[in-house]
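Visitor: sequence plus the predicted model coming up.
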Protein chains: 2
Amino acid sequence: MDINQSHSIGVFDSGVGGLTVVKELLSQIPDAPLIYFGDTARTPYGIKGPDTILRYSIENTKFLISKGATIIVVACNSASSVAPEKLRNMFNIPVFEVISPAVELVVKITTKGRIGVIGTRATIESRIYEKMIHNYNKDFKVIGQPCPLLVPLVEEGWLKARETKMIVRKYLRPLKQQQIDTLILGCTHYPLLKDIIQQKIGKRVKVIDSSSEVAKKVKTYLKLNNIVFDNKERPLHQFYLSDISSVTKEIAIRFLGQKISIKKAISAL
Amino acid sequence: MDINQSHSIGVFDSGVGGLTVVKELLSQIPDAPLIYFGDTARTPYGIKGPDTILRYSIENTKFLISKGATIIVVACNSASSVAPEKLRNMFNIPVFEVISPAVELVVKITTKGRIGVIGTRATIESRIYEKMIHNYNKDFKVIGQPCPLLVPLVEEGWLKARETKMIVRKYLRPLKQQQIDTLILGCTHYPLLKDIIQQKIGKRVKVIDSSSEVAKKVKTYLKLNNIVFDNKERPLHQFYLSDISSVTKEIAIRFLGQKISIKKAISAL
């Protein structure tokens, strides 16, 4: 067994949403030191163009590497759809993203080949899920639905509000009419609304949470590469945000389910 | 009469919301050439801290000056609450903002001295309207209400949706209970929801739109300083956004009520 303490998992997201991925990593790989960078000064990415998102992703990765990251997890769907390949070539480092793990699962478990995907406008318009699913099977029907209001509703903490339920129902109606059998939550904010989403789409539809799937992938990679962390001491995690307001901290706690100490840092070096 | 063609009005906002101010400027000062910069790559500012907003405002002003602006209008409430004084000192140029014109009007027309203000979380938490209103009269009661969901609802184009009406009513309920007599729309996106807001707050409450008030201020300034524009030819306006997505253009047209040609530019020089 090769105990390698020099490894750290760097996670970046456009804001605090990626903390749902951190939560899964902490739960599945409790001994790994994590470095999180949330680009709250430039959040959200979902409404921005691919060039801008790529530029931000490169800057964020540079920042995480400068803080000691040896493995990168892109915990943002908008960035996952444009950046990973470029980041791998540029930095020669393992880069995980939140799209392919969900795709690999969905193609296995779909029964009728009717797959729904919800996400920000950028994620849905990129048709990235559709393209990746069609690499497995061109006959699968992929129905995308942009849900731009869900991120602000989550960040507002309106997790059980009547308005949130109405808006979720409105967004899911076309997917229900299309009789999907599986639904991918294509945005890191959505796991916080998983119960309402499951309720509105119906219990026969299998809802897939990317956060949990990407954490499984990272765990498998560590095992295959014999990377084991020292579990005698609690790992030191680092949390950075590019902007910290009174609300951000509150939201971070809501996402992670525990208090953390956050430092301010600007990714553009 | 002094025809001075070298003057241009530079307007910046965190995104496309400031186009409601441009619309008012075009209508009240039709001969003035305008330069608009919408920082869509880093939008929204309303959820970010004062340091970050100030840094962005300085970069945006530099950009507008580099394009020929001789007068600056800060068409963003979050930036108006932290940046104008610093920008005036730094660039030695007239800087208008969207807060004081609304304040000057409200202190004149309030009948019971019970003033409501709605805006983003940053604007409301800064208590800037309250401080400025208290400079006129310390007895006026100012009741602030953050309405963070209204910006994404407007940008989604849900201007008449049932959910929007419910959310507006929910946000305005505390102000109604406090029996306000005047209501300041403290965010450039809100004029697009003015009808719903007026309906939900009740017709006895006078609703004040900052966009229209700041345009009046600029007009008066031009008159006092004898700045007259050549009205033989149509003025050349310039529109820049730091990120252009398929949605941004659509939203820009909705705000301005007319088609414009937009260029991409990054403010950080």
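Guide: All right, it came through fine. Values in this document were obtained by computation on a predicted structure and should not be read as measured data.
Visitor: for residue A:96, phi and psi?
Guide: Dihedral pair for residue A:96: phi -100, psi 150, per degrees, to the nearest 10.
Visitor: oops, could you answer that again for residue A:181 instead?
Guide: The phi/psi pair for residue A:181 (degrees, to the nearest 10) is phi -110, psi -20.
Visitor: thought it was touching residue A:115?
Guide: Yes: counting by Cβ atoms under 8 Å, residue A:115 is a contact partner of residue A:181 at 7.5 Å. C-beta: built from backbone N, CA, C; applies to glycine.
Visitor: now the strands for chain A?
Guide: Using DSSP state E, the strands of chain A run over A:9-13, A:34-38, A:71-74, A:95-97, A:114-119, A:141-146, A:182-185, A:206-209, A:238-241, A:262-264.
Visitor: rank these by pLDDT, which is bottom?
Guide: Across the strands of chain A, strand A:262-264 has the smallest mean pLDDT, namely a mean of 87.
Visitor: need the contact partners of that one.
Guide: Under the criterion Cβ atoms under 8 Å, 6 or more residues apart in numbering or on different chains, residues A:238-244, A:248-249, A:252 lie in contact with strand A:262-264.
Visitor: one more time with 6 Å
Guide: A:239-241, A:244 (Cβ atoms under 6 Å, 6 or more residues apart in numbering or on different chains).
Visitor: need those residues in TSV with distance to residue B:38, can you?
Guide: Conversion of those to TSV gives the following (distance: Cβ to Cβ, whole Å):
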residue	distance to residue B:38
A:239	31
A:240	28
A:241	24
A:244	25
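Visitor: restricted to buried residues, select those in PyMOL.
Guide: In PyMOL, a selection of the buried entries from the contacts of strand A:262-264 looks like this (16 or more other Cβ atoms under 10 Å in any protein chain shown):
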select buried, chain A and resi 239+240+241+244
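Visitor: nearest to chain B, of the contacts of strand A:262-264?
Guide: Chain B lies nearest to residue A:244 out of the contacts of strand A:262-264, by Cβ to the nearest Cβ, at 6.2 Å.
Visitor: against which helices or strands is the least confident helix or strand in chain A by mean pLDDT packed?
Guide: The helix or strand of chain A with the poorest confidence is helix A:246-256; it has a mean of 78 (mean pLDDT, DSSP states H and E). Helices and strands touching helix A:246-256, by 3 or more Cβ pairs under 6 Å, 6 or more residues apart in numbering or on different chains; DSSP states H and E, are helix A:19-28.
Visitor: of residue A:181 and residue A:115, which one has the most company?
Guide: Between residue A:181 and residue A:115, counted using other Cβ atoms under 10 Å in any protein chain shown, residue A:115 has the larger neighbour count: 27 against 16.
Visitor: wait, doesn't the more buried one sit right on residue A:142?
Guide: Yes: assessed by Cβ atoms under 6 Å, residue A:115 is found in contact with residue A:142 at 5.0 Å.
Visitor: returning to what we had before: make CSV out of the strands of chain A and add distance to residue B:65.
Guide: Formatted as CSV, the strands of chain A follow (distance: least, Cβ to Cβ, whole Å):
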stretch, distance to residue B:65
strand A:9-13, 33
strand A:34-38, 32
strand A:71-74, 37
strand A:95-97, 40
strand A:114-119, 39
strand A:141-146, 37
strand A:182-185, 45
strand A:206-209, 48
strand A:238-241, 31
strand A:262-264, 29
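Visitor: and of these, who's closest to residue B:127?
Guide: Closest to residue B:127 of these, according to Cβ to Cβ: strand A:262-264, at 22.8 Å.
Visitor: what are the buried residues along that closest one?
Guide: For strand A:262-264, using 16+ other Cβ under 10 Å, the buried residues are residue A:262.
Visitor: ditto for stretch A:177-192
Guide: A:180-192.
Visitor: what about it, how long is it end to end?
Guide: 24 Å (Cα to Cα, to the nearest Å).
Visitor: how about the residues of chain A that lie near chain B?
Guide: Proximity of chain A to chain B, by Cβ under 6 Å from any Cβ of the partner chain, involves residues A:41-42, A:48-49, A:52, A:121, A:148-149, A:152, A:156, A:163, A:166-167, A:243, A:245, A:247.
Visitor: please list only the buried members of those.
Guide: For these, buried by 16+ other Cβ under 10 Å: A:41-42, A:48-49, A:52, A:121, A:148-149, A:152, A:156, A:163, A:166-167, A:243, A:245, A:247.
Visitor: what number of residues lie near the residue nearest to residue A:26 when sequence neighbours are not counted?
Guide: Closest residue to residue A:26 apart from its sequence neighbours, by Cβ to Cβ, 6 or more residues apart in numbering or on different chains: residue A:34 at 7.1 Å. Residue A:34 is flanked by 20 other residues according to other Cβ under 10 Å.
Visitor: equivalent analysis for residue A:158, please.
Guide: With other Cβ under 10 Å as criterion, residue A:158 counts 19.
Visitor: touching, it and residue A:166? I think so.
Guide: No: using Cβ under 6 Å, residue A:158 is not in contact with residue A:166, being 11.1 Å away.
Visitor: about what we covered before: my guess is the residue nearest to residue A:26 contacts residue A:9. True?
Guide: Yes: using Cβ under 6 Å, residue A:34 is in contact with residue A:9, at 5.2 Å.
Visitor: helices of chain A, start to end?
Guide: Taking DSSP state H to define them, one finds helices in chain A at A:19-28, A:50-66, A:77-80, A:84-91, A:100-109, A:121-125, A:128-136, A:150-155, A:162-177, A:194-201, A:210-224, A:246-256.
Visitor: can you add distance to residue B:264 and give these back as TSV?
Guide: Formatted as TSV, the helices of chain A follow (distance: least, Cβ to Cβ, whole Å):
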stretch	distance to residue B:264
helix A:19-28	31
helix A:50-66	9
helix A:77-80	18
helix A:84-91	20
helix A:100-109	30
helix A:121-125	16
helix A:128-136	23
helix A:150-155	24
helix A:162-177	30
helix A:194-201	35
helix A:210-224	31
helix A:246-256	28
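Visitor: hey, which of those helices is tucked in deepest?
Guide: helix A:77-80 (a mean of 30; mean count of other Cβ atoms under 10 Å in any protein chain shown).
Visitor: noted, bye for now.
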